[in-house]
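Undergrad: I'll drop the sequence and a predicted model, then ask my questions.
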Amino acid sequence: MTSQGIEAFLSYLRETEKRYHMAELDEQEANDETQDILHSLELQDHDYHDFARLSKELRGVRQKRRAAKDTMSETAPVLDWIDANRSTIKSLERLLGDVRKAEKNTENRIYTPKVRRDSP
């Protein structure tokens, strides 16, 4: 159907926007967790095993932060395009509604014979 392509594109834009905002939250959470670990190292007494455990946790947190930043950098151009083309997106949403309406009308079409009586 014609509407599927339009719907897929609009869905892609919405999902990309969600991914960007989720990545922002993930980055902030990783930054906060990094600060927690660093303050623990700075202000609390730890033995060798605690230092090793905290360093492994810090490594994992930093990898999570890097993944979030990568997602943000990959999706930022799409988000910029979305912001610059809000009116176009609204127009595509209206177009999708119009196309779906036309598809529904086509799907439910019936014909009533004008002259012939032998057709059902």
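TA: Thanks, I have the structure now. Numbering: from 1, shown residues only.

Undergrad: After the single longest helix found in the chain, which helix or strand is next? Please name it.
TA: Longest helix in the chain by number of residues (criterion: DSSP state H): helix 2-43. Using DSSP states H and E, the helix or strand that follows helix 2-43 in sequence is helix 48-84.

Undergrad: How far off centre is the lowest-mean-pLDDT helix or strand in the chain?
TA: Lowest on mean pLDDT, DSSP states H and E among the helices and strands of the chain sits helix 86-107, with a mean of 95. When distances are taken as Cα atoms, centre = their mean, to the nearest Å, helix 86-107 is centred 22 Å away from the chain's centroid.

Undergrad: Start the count at 48 instead of 1 going forward.
TA: Yep, numbering from 48; the last one is helix 133-154 now.

Undergrad: Which elements pack onto it?
TA: helix 49-90 (3 or more Cβ pairs under 8 Å, 6 or more residues apart in numbering; DSSP states H and E). No exception for glycine: its C-beta is placed from N, CA and C like everyone else's.
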